[in-house]
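>>> Sequence first, predicted coordinates after that:
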Amino acid sequence: MSRVTAGSLGAVAACVMTALIGAIAFTGRWPVDAPRTHLEAAGILSLPAERVERVEFSAGEQRAVFSRNSREGWRFNGTATESAVAGHIDTAVRLLTVSTPRRVLVAGEYGPDLAEYGLDPPRFVLAVAEGAGNTTRIDFGETTPAQNAQYVRIGDRPELYLLPRDVGEEWQLAREMGERSGNLLLPVSITQVWAIEIVSRGALYRFERHPAGLWFHHVGQHVHLPVGSCIRPIPRWHR
């Protein structure tokens with residue numbers, strides 16, 4: 001490489017670096033590729049969350065209906081919901097529209113026996129209806145061995161989706177909170193609680209649930225300000 005060519009490349013590199021530094025100083029951010037920073041919603045439900053007006057939840061003999069209108073907001077089985085319940089319903093709907101499947105298995109990539117995936121019959125089913133009346137059926141099956149995703153099918157599509165586990169759990173949580181709303185001390189059943197913290201005279205005692213369902217006393221060095229005594233259950237979705 002000649003000295004002239006090398007000098008020209010060096011000058012170009014210096015100009016690019018100067019422009020880069022100027023861009024960082026002006027915007028306060030490092031320039032990155034648009035496709036990596038402007039992710040489009042890629043959920044399994046291909047419509048905006050605000051267009052969903054009714055969702056029917058069914059699991060065996062359990063039935064629940066989430067419905068909303070512009071005046072009253074979300075209702076659970078025809079009854080107005082508390083703000084906490086409505087917030088979880090909103091979150092559950094939004095997760096369907098933005099949660100990207102961890103993997104999509106096409107026909108031939110999974111076995112023909114859907115019972116292996118908890119989809120024959122499904123663990124629970126959602127019938128999601130928009131204002132125009134179009135309804136999408138979503139079947140939720142078992143969780144994967146890694147416990148971080150759940151097998152899901154949509155209507156008659158041949159694909160099998162590995163959807164993040166929190167999507168299905170949010171719907172189960174919203175249903176349970178709707179049923180227990182205003183009636184019991186805890187908004188969810190004890191089966192949804194994975195840890196309990198008891199604070200007494202500045203000492204914290206923590207009890208955790210093993211994935212198999214057994215409780216154990218977590219021993220650690222926890223010290224808190226002496227503010228009396230309290231009990232704080234921690235639902236599993238806060239892990």
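In hand now; what should we look at? Residues are numbered from 1 along each chain as shown.

>>> can you give me the helices in this protein?
Remark: helices assigned in the chain by DSSP state H are 3-27, 34-37, 83-98, 165-180.

>>> what about stretch 143-155, start to end distance?
With Cα to Cα, to the nearest Å as the measure, stretch 143-155 spans 19 Å from end to end.

>>> Please point out which parts of that stretch sit buried.
Of the residues in stretch 143-155, Thr143, Thr144, Ala149, Gln150, Tyr151, Val152, Arg153, Ile154 count as buried by neighbour count, 16 or more other Cβ atoms under 10 Å. Backbone N, C-alpha and C define where each C-beta goes, glycine included.

>>> Just to check, the fourth one is in contact with Gly168?
In other words, Gln150. Yes: at 4.9 Å, Gln150 and Gly168 qualify as touching, with contact defined as Cβ atoms under 8 Å.

>>> Closest one of the buried residues of stretch 143-155 to Ala127?
Closest to Ala127 out of the buried residues of stretch 143-155 is Ile154 (11.6 Å), distances taken as Cβ to Cβ.

>>> Domain boundaries for this structure, per the record?
The record's domain parsing of the chain by automatic domain parsing lists 3-32, 49-180, 190-238.

>>> got any ranges where this structure has weak pLDDT?
Counting by pLDDT under 70, the chain shows low-confidence ranges at 1-41, 182-194, 210-213, 218, 220-239.

>>> where do the strands sit along it?
Here the chain has its strands, by DSSP state E, at 52-59, 62-69, 73-76, 79-80, 103-105, 124-130, 135-143, 149-154, 160-164, 193-200, 203-209, 215-218, 229-235.

>>> Quick one: closest of those to Ala115.
With Cβ to Cβ as the yardstick, what comes closest out of the strands of the chain is strand 135-143 (9.1 Å).

>>> List the buried residues for the closest one?
Thr136, Ile138, Asp139, Phe140, Gly141, Thr143.

>>> and the angle for it with strand 149-154?
Here the directions of strand 135-143 and strand 149-154 differ by 150 degrees (axes from the mean of the first three to the mean of the last three Cα atoms, to 10 degrees).

>>> Please identify every residue contacting each of Gln150 and Gly168.
Common neighbours of Gln150 and Gly168, counting by Cβ atoms under 8 Å, 6 or more residues apart in numbering, are Phe140.

>>> need the domains of the chain in TSV with distance to Gly43, can you?
Below are the domains of the chain laid out as TSV (distance: least, Cβ to Cβ, whole Å):
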stretch	distance to Gly43
domain 3-32	24
domain 49-180	4
domain 190-238	18
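
>>> which of these is buried the deepest?
domain 49-180 (a mean of 17; mean count of other Cβ atoms under 10 Å).

>>> Start and end of that one, how far apart?
25 Å.

>>> try stretch 143-156
One end of stretch 143-156 sits 21 Å from the other (Cα to Cα).

>>> got it, and stretch 126-145?
23 Å.
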